[in-house]
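K.L.:
Quick one: sequence plus predicted model below, questions after.
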Amino acid sequence: MRSLDISPEEFRRLAQKVVELSTEYVDSLNSRATFPSVDGTETEGRFHAPRPDQGIGAETLAALTDIANYSRIQNGRFFGYVLGSGEPVAAVADLFASVLNQNLTAWRSGPAAITIERTVVEWIAQALGCDSFVGNLTGGGSSANLAGLAMAREAKLAVNEIGLAGQKRCAVYMSREAHMSIGKSVALLGMGRENLRLIDIDDEFRMIPTELDQAIAKDEANGLVPVAIVASAGTVNTGAIDPLVQISEIAKRHACWFHIDGAYGALAAIAAPERFAGLNLADSISLDPHKWLYQPLDCGCLLYRDSQVARRTFSHTGDYAKSLATDPIEGFEFFDQSIELSRRFRALKLWLSLRYHGFTAFRNSIREDLNLAQLLARSIQSNDQLDLLAPVPLSAVCFRFRGTGHRSNADLDNLNVAILKRMLSRGRVYLSNATIRGTFALRACIVNHRTTEADVHEIVHEVLTSANEILAHN
């Protein structure tokens with residue numbers, strides 16, 4: 001036995017201990033604070049240690065309890081960011097995926113794993129009404145957006161359209177509410193942030209098509225190539241869904257690549273397809289099953305219409321990796337149409353989770369999240385101390401405490417910052433924040449299969465309690 005081998009009996013003992021600890025953790029979620037009452041010095045003192053030259057064996061598993069106690073908790077009262085709730089069946093699958101240790105480069109490197117990933121991508125595309133699309137799983141929406149825009153650049157921007165001194169004669173368009181990963185992608189792809197056009201939004205935080213059309217026409221008149229339009233199917237702040245059909249018509253008229261950033265919202269089309277008309281008109285779509293299919297991190301997805309463009313963009317294969325198979329199944333290679341070469345078996349958790357529960361269960365859970373967001377919005381509107389700051393087209397709810405009497409906007413911003421900090425320290429409810437038309441907002445986002453009506457009612461209660469505690473001390 002080599003130095004890193006362990007016996008089957010020892011593996012069983014370790015795995016059973018991890019299962020026991022995991023079961024205890026899941027069972028205790030609702031009794032735990034949403035954020036631990038620790039600071040950076042404490043975490044450094046507990047986990048930052050000298051390099052372990054000599055191992056301590058199974059004793060190291062004792063640290064797992066401490067790790068759980070020093071971690072942010074994802075129970076039904078976690079409403080921060082846009083982060084799915086870690087569905088337990090999928091979590092079990094992740095252990096087996098690590099044991100199998102498949103590298104999903106090509107069919108020959110993982111026959112079952114490759115087939116399963118291609119299958120779940122097909123399932124998702126069908127569920128969204130994008131039956132003809134293909135794609136692959138990614139680390140998240142940011143990498144899916146990067147890949148989608150890389151395909152756009154390859155499809156729409158020829159070498160002779162790249163100018164001198166780093167000046168690229170091209171432009172990419174998105175709304176002012178679009179995700180920060182789009183700007184990062186444009187920079188990484190060498191198209192230059194200075195060529196990213198931010199299009200104005202309407203009263204519901206959606207891209208204004210006429211403003212988009214005018215911006216493209218202006219660039220074309222100045223000799224620039226309009227490479228891509230990025231529409232949002234659920235902006236990160238408010239969940240706004242851009243007018244996809246109108247934008248697709250503009251993209252077609254100007255020969256732009258049409259990419260939809262659906263990392264937050266597009267999977268809600270499974271439950272509310274009427275809100276996402278035009279989704280199937282895109283050239284590429286980013287999704288995040290680790291958001292609204294509740295999968296453990298990481299599990300993003302890129303869907304696209306034309307696999308030939310994907311191959312032209314990503315197929316730069318060394319001789320050592322080329323497949324000798326000519327069969328379309330056995331010769332399949334993910335690295336020929338995606339950024340990654342080393343790719344973990346992300347699909348197993350999604351495949352197992354979807355088969356265990358069925359799409360109907362996920363559809364119902366998403367609908368419940370949408371309904372709970374509307375419940376929260378109504379609760380805020382019915383309370384004369386709170387202001388709803390934006391529409392709620394999906395499940396992100398932005399609001400603030402106003403209180404009684406008159407306060408300036410600056411004073412309200414400062415007060416709500418203090419309320420958020422107090423709420424997080426109380427550990428009952430976890431919210432994040434957003435800026436809505438220059439105003440600091442408390443933000444609750446519901447993409448959580450554990451959340452109940454009681455959890456939602458707790459949000460207003462905790463905001464008012466925290467506000468009263470702060471005002472009583474001032």
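P.N.:
That came in fine, so what should we check first? Numbers count the residues shown, from 1 in each chain.
K.L.:
how deep is the nearest residue to residue 61 once chain neighbours are set aside tucked in, by neighbour count?
P.N.:
If the residues on either side of it in the chain are set aside, residue 61 comes closest to residue 17, at 5.3 Å by Cβ to Cβ, 6 or more residues apart in numbering. To be clear about C-beta, it is placed using only N, CA and C from the backbone, and glycine gets the same treatment. Using other Cβ atoms under 10 Å, the number of residues around residue 17 comes to 14.
K.L.:
go on, residue 224?
P.N.:
By other Cβ under 10 Å, the residues close to residue 224 number 18.
K.L.:
can you tell me how far it sits from residue 471?
P.N.:
Using Cβ to Cβ, to the nearest Å, residue 224 is found at 53 Å from residue 471.
K.L.:
One more: residue 231?
P.N.:
Residue 231 is 42 Å from residue 471, by Cβ to Cβ.
K.L.:
Who has more neighbours out of the two?
P.N.:
Shown here are residue 231 and residue 471; by other Cβ under 10 Å, residue 231 has more neighbours (32 against 14).
K.L.:
Who are the contact partners of that one?
P.N.:
By Cβ atoms under 8 Å, 6 or more residues apart in numbering, the contact set of residue 231 is 174, 175, 207, 242, 244, 247, 258, 259, 260, 261, 282.
K.L.:
where does residue 16 land in three-state SS?
P.N.:
Secondary structure for residue 16, judged by DSSP: H, G, I helix; E, B strand; the rest coil, is helix.
K.L.:
now residue 428
P.N.:
Following three-state DSSP, residue 428 is assigned to coil.
K.L.:
Settle this for me: it is touching residue 459, isn't it.
P.N.:
No: Residue 428 is not in contact with residue 459 according to Cβ atoms under 8 Å; the separation is 9.4 Å.
K.L.:
who has more neighbours, those two?
P.N.:
For residue 428 versus residue 459, the count of surrounding residues by other Cβ under 10 Å is larger for residue 459: 24 against 17.
K.L.:
Check for me that residue 313 belongs to a helix.
P.N.:
Yes: the assignment for residue 313 by three-state DSSP puts it in a helix.
K.L.:
For the nearest residue to it once chain neighbours are set aside, the count of nearby residues, please.
P.N.:
For residue 313, ignoring the flanking residues on the chain, the nearest one in space by Cβ to Cβ, 6+ apart is residue 154 at 4.2 Å. The number of residues packed near residue 154 is 18, by other Cβ under 10 Å.
K.L.:
cool, residue 16 as well?
P.N.:
Look at residue 16: counted by other Cβ under 10 Å, it has 10 neighbours.
K.L.:
ok so, going back, mind listing the shared neighbours of residue 428 and residue 459?
P.N.:
Shared contacts of residue 428 and residue 459 (Cβ under 8 Å, 6+ apart): none.
K.L.:
Please give the element, helix or strand, for residue 391.
P.N.:
Assignment of secondary structure by DSSP states H and E places residue 391 within no helix or strand.
K.L.:
Could you list the low-confidence segments of the stretch 151-300 of the chain?
P.N.:
Filtered on pLDDT under 70, the stretch 151-300 of the chain yields the residue ranges 158-168.
K.L.:
Contacts only, for residue 363.
P.N.:
The neighbours of residue 363, taking Cβ under 8 Å, 6+ apart as the test, are 270, 271.
K.L.:
And the host helix or strand of it, what's buried?
P.N.:
Using DSSP H and E, residue 363 sits in helix 359-381. By neighbour count on 16 or more other Cβ atoms under 10 Å, the buried set for helix 359-381 is 362, 365, 366, 368, 369, 370, 372, 373, 376, 377, 379, 380.
K.L.:
Max pairwise distance over these: which two?
P.N.:
The span of those, defined through Cβ to Cβ, is set by 362 and 380 at 27.4 Å.
K.L.:
quick one: the helices in the stretch 51-200 of the chain?
P.N.:
Using DSSP state H, counting those that start in this stretch, the helices of the stretch 51-200 of the chain run over 63-69, 88-100, 111-127, 141-156, 180-188.
K.L.:
Could you identify which of those is most buried?
P.N.:
Highest mean neighbour count among the helices of the stretch 51-200 of the chain (mean count of other Cβ atoms under 10 Å): helix 141-156, with a mean of 24.
K.L.:
I'd like to know how many residues surround residue 58.
P.N.:
Other residues lying near residue 58 total 12 when counted by other Cβ under 10 Å.
K.L.:
And residue 20, by the same measure?
P.N.:
Residues lying near residue 20 (other Cβ under 10 Å) number 11.
K.L.:
Now tell me what touches the stretch of helix or strand it belongs to from outside.
P.N.:
Assigned by DSSP H and E, residue 20 belongs to helix 8-27. If you take Cβ under 8 Å, 6+ apart as the criterion, helix 8-27 is touched by 6, 58, 61, 64, 65, 68, 88, 91, 95.
K.L.:
In those, find the pair that's most separated.
P.N.:
Taking Cβ to Cβ, no two of the contacts of helix 8-27 sit farther apart than 6 and 88, at 25.9 Å.
K.L.:
following the helix holding residue 363, which helix or strand shows up next?
P.N.:
Sequence-wise, the next helix or strand downstream of helix 359-381 (DSSP H and E) is strand 386-388.
K.L.:
What is the burial count for the closest residue to residue 297 other than its chain neighbours?
P.N.:
What sits nearest to residue 297 in space, not counting adjacent residues and going by Cβ to Cβ, 6+ apart, is residue 290, at 5.1 Å. When neighbours are counted by other Cβ under 10 Å, residue 290 registers 29.
K.L.:
and the angle for the helix holding residue 20 with helix 88-100?
P.N.:
Counting by axes from the mean of the first three to the mean of the last three Cα atoms, to 10 degrees, helix 8-27 lies at 160 degrees to helix 88-100.
K.L.:
hey, what's residue 78 bridged with?
P.N.:
For residue 78, the beta-bridge partners under DSSP bridges are residue 430.
K.L.:
moving C-terminal of the host helix or strand of residue 433, what's the next helix or strand?
P.N.:
According to DSSP H and E, residue 433 maps onto strand 432-436. On the C-terminal side of strand 432-436, the nearest following helix or strand under DSSP H and E is strand 439-445.
K.L.:
From the chain's centroid, how far away is that next one?
P.N.:
Centroid separation for strand 439-445 versus its chain: 18 Å, with Cα atoms, centre = their mean, to the nearest Å.
K.L.:
And stretch 339-354, by the same measure?
P.N.:
Taking Cα atoms, centre = their mean, one finds the center of stretch 339-354 at 15 Å from the center of the full chain.
K.L.:
And that stretch, what's buried?
P.N.:
Of all the residues in stretch 339-354, those buried under the rule 16+ other Cβ under 10 Å are 339-341, 343-354.
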